[in-house]
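Colleague: build the 3D model from these lines:
(one chain, ligands or ions: 1)
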Amino acid sequence: MTENLELFPPPEPNGRAQAAIKIIALRKQLNAWAHEYYVQDAPSVPDAEYDRMFRDLQALEAQHPDLVTPDSPTQRVIGAVMDGLAPVRHAVPMLSIRTETDTEASGAEAFDVRIRRELKLTPEDPPVEYIVEPKFDGLAMSLRYEHGKLVQAATRGDGEVGEDVTHNIRTIRQIPLALPADAPPVLEVRGEVYMARADFDALNERQRAQGGKTFVNPRNAAAGAVRQLDSGIAAQRPLSFFAYGLGEVQGAQFATHHAVLQQLKLWGFPVAGQAGLAQGATELIAFHQRIGAARDALPYDIDGVVYKVNSLALQQQLGFVTREPRWAVAHKYPAQEMATRIEAIDVQVGRTGKLTPVARLAPVFVGGVTVTNATLHNLFEIRKKGVRVGDTAIVRRAGDVIPEVVGVVPGQRSSYVPNFRMPAQCPVCGSAVVREKGEANHRCTGGLFCPAQRKEAILHFAARRAMDVEGLGDKLVDQLVDQGVIRMLPDLYRMGLTALIALERMAEKSAQNVLAALEKSKRTTLPRFLFGLGIRHVGEATAKDLARHFGSLDAIMDATVDQLLQVNDVGPVVAEAIHTFFAQPHNREVVEQLRACGVTWEEGAPAERATLPLAGKTVVLTGTLPTLSRDAAKDLLEAAGAKVAGSVSKKTHYVVAGEEAGSKLAKAQELGVPVLDEAGMLALLAAPAPEGQEP
Ligand code: IVH
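Modeller: Below is the predicted model of the structure:
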């Protein structure tokens, strides 16, 4: 029993004074850790350590309720539920900004021309210094601190009068409740409350799991959370904050907006890393392009950039027109969400037989292109979003992601429209459609009998990361299948020049090229071939794992489910899918015929993973290597047992960096991950296997 005694905490200080000192120390440490975690994204202690100290503070405060102050980290969620949101008159109005939607060059130039004219500058005068920030897609917030304590948070409202949302804003961990001692007695920080994309996805996932309503986009989710009457609810909606300006300030002065941002950072506020100084229009344009290129990779939504004159004296001189400052302008990017009418809902059949409902849309310009189709994912999503033909839908297209319908504009339906139903028969081959229990997706049961699945299966087989048949695109495959030239994969290697030339728009030269590409594709690798077969759940990585583990195709085809389960990262669902695939005589037949057509690869002995030099190591590639292509380097690393990952974290063992390596290299240096060049990587690959590891 005795050793258990030390599990009990040492006696707490009884005296009130001692407790007060301890409480202050605990809060200070917890605030510093929270800042590292939430603002700097660089925690220095494990979560458990933070939690333990947090509980210590809670316990002490429970013993001394009179020592609890609103700025204690334990007081972020306050229990009370508001009756309504009280109006708040802003000491300094919250303005809006003029918006430009022009092209990169003309939008920035027009702004610069206007500023120079207002400031009566001549062409001989030096460029005006600007600061460029992302235009965050959230909602504007004013945070008022008095004597270093957060006393009020208010929405923008009409710019003059907003709403008091202090109870909810206190729950945002990135927002300090108390400021360092050098903060002025009155400080209003202006900025944007938003929801990070990953947090938004996780929130929707949770809502879905609980059968609750999902949110259309991060901004709506954030706006809804901010205006909750119950801070307990707001606390469950993960919000974030970026500071970008000041309201009323007493007791501090700044010369430039840049200095404001620097100081805000020092006081503990998150400031966007993308913000930066730009001299004149040329650099504004460059910034607009640079942030635009990074847009889809940012963890949060932005809808443009904001250009601001950096000098606060010049800002003052420029002043305002109506309710917009002359010294700032928002320069938008093409909208990623637009509303348009759903003309019809069609159903497409994919390679795996999955039926995907697709909305046919009145053409709409969104995300920089004209969109006429958008995926509705599955019947479940259609019901959830309440989508019907004739509705006005909100269509989203971000980056290269396929356009999707994220929701409908409510109250626009004029007459009764029946609910969409999934067809009982496959629209392509007429086979029965089923939905497996517990699955959201409907599937065609036709298998390779279904031309849609056949087409997709061929395209997948020929894809670059599979058999890599150059020139075998979807138009050609459509014709080949529709004309009956190809019924099964092996037919690809059996068709002759005549059959190809007989197709529409196929010249002899291109037909020869296709045949040559097919011929070339016959020499392949086992992982490519396996991946190309299109077995459900067998992606590239699994194909590589299988090939490495078993060494030969026959071993894989004859493996039992238990043997398959021995493979790295293969779980019961995947093992079952592989086993079922090779249990079908017609699939084995396809494999045999492909081999008979001359498809070959080198087989090896089953590998002992742990003896490979890089077994268990995670490597990230970045930049351009002097001699090896990205794919070649990846293949080499994987063959040596390494896992090649896309982003750098504490778990990364090596970063291999080439020319023009960017943020991944920086991240590696920051985290102290060893960085290698190509030569270093090759040396590592040549090194003997690590000792002391059992195969
Ligand atoms: S400055 C006087 N900077 O855009 C200028 N606004 O119409 C005050 N916004 O709703 C605004 N990112 O919430 C500024 N980096 C940024 C911004 C930004 C987003 C929002 C702001 C307001 C709207 C301005």
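
Colleague: give the contact list for the nearest residue to Lys667 once chain neighbours are set aside.
Modeller: Excluding the flanking residues, the one nearest Lys667 by CB to CB, 6 or more residues apart in numbering is Val648, at 4.3 Å. Every residue, glycine included, has its C-beta placed from N, CA and C. Neighbouring residues of Val648 by CB atoms under 8 Å, 6 or more residues apart in numbering: 620, 655, 664, 667-668, 671, 673.

Colleague: and which of those residues is nearest to Ala398?
Modeller: Proximity of the contacts of Val648 to Ala398 (CB to CB) peaks at Lys664, which lies at 22.0 Å.

Colleague: what is the neighbour count of the residue lying closest to Leu671 once chain neighbours are set aside?
Modeller: Excluding the flanking residues, the one nearest Leu671 by CB to CB, 6+ apart is Lys650, at 5.8 Å. Lys650 has 7 neighbours, counted by other CB atoms under 10 Å.

Colleague: distance check, Lys650 against Lys667.
Modeller: Distance of Lys650 to Lys667, given as CB to CB, to the nearest Å: 10 Å.

Colleague: joint contacts of these two?
Modeller: Contacts common to Lys650 and Lys667, judged by CB under 8 Å, 6+ apart, are Val673.

Colleague: thinking again about what came up before, which SSE is the residue nearest to Lys667 in?
Modeller: For Val648, there is no host helix or strand (DSSP states H and E).

Colleague: re the thing from before, and the contacts of Val648, which are buried?
Modeller: 620, 655, 664, 667-668, 673 (16 or more other CB atoms under 10 Å).

Colleague: looking at those residues, which are in helices?
Modeller: 664, 667-668 (DSSP state H).

Colleague: give me the pLDDT value at the nearest residue to Gly251 once chain neighbours are set aside.
Modeller: Distances taken as CB to CB, 6+ apart put Pro184 closest to Gly251, at 3.5 Å, once the chain neighbours are dropped. As predicted, Pro184 sits at a pLDDT of 97.

Colleague: how close does Pro184 sit to the ligand?
Modeller: 20 Å (CB to the nearest ligand atom, to the nearest Å).

Colleague: now do Leu30
Modeller: 30 Å.

Colleague: check contacts around that residue.
Modeller: Leu30 neighbours (CB under 8 Å, 6+ apart): 50, 53-54, 57, 73.

Colleague: okay, among the residues you listed, which ones form the most distant pair?
Modeller: Taking every pair in these and measuring CB to CB, the maximum separation is 10.6 Å, between Tyr50 and Leu57.

Colleague: which of these two has more neighbours?
Modeller: Leu57 (21 against 18).

Colleague: how many residues are close by the closest residue to that one other than its chain neighbours?
Modeller: Closest residue in space to Leu57, ignoring its immediate chain neighbours: Leu26 at 4.3 Å, by CB to CB, 6+ apart. Burial of Leu26 is recorded as 20 neighbouring residues (other CB under 10 Å).

Colleague: for stretch 258-267, buried residues please.
Modeller: Buried-residue list, stretch 258-267, by 16+ other CB under 10 Å: 258, 260-261, 263-264, 267.

Colleague: next one: it to chain centre, how far?
Modeller: For stretch 258-267, the separation from the chain centroid amounts to 28 Å (computed by CA atoms, centre = their mean, to the nearest Å).

Colleague: what do you get for stretch 578-588?
Modeller: Distance, stretch centre to chain centre, for stretch 578-588: 36 Å (CA atoms, centre = their mean).

Colleague: contacts for that stretch, please.
Modeller: Residues contacting stretch 578-588 (CB under 8 Å, 6+ apart): 448, 533, 535-538, 546, 556-561, 564, 570.

Colleague: cutoff 7 Å now
Modeller: With CB atoms under 7 Å, 6 or more residues apart in numbering as the test, stretch 578-588 has contacts from 535, 538, 557, 561, 564.
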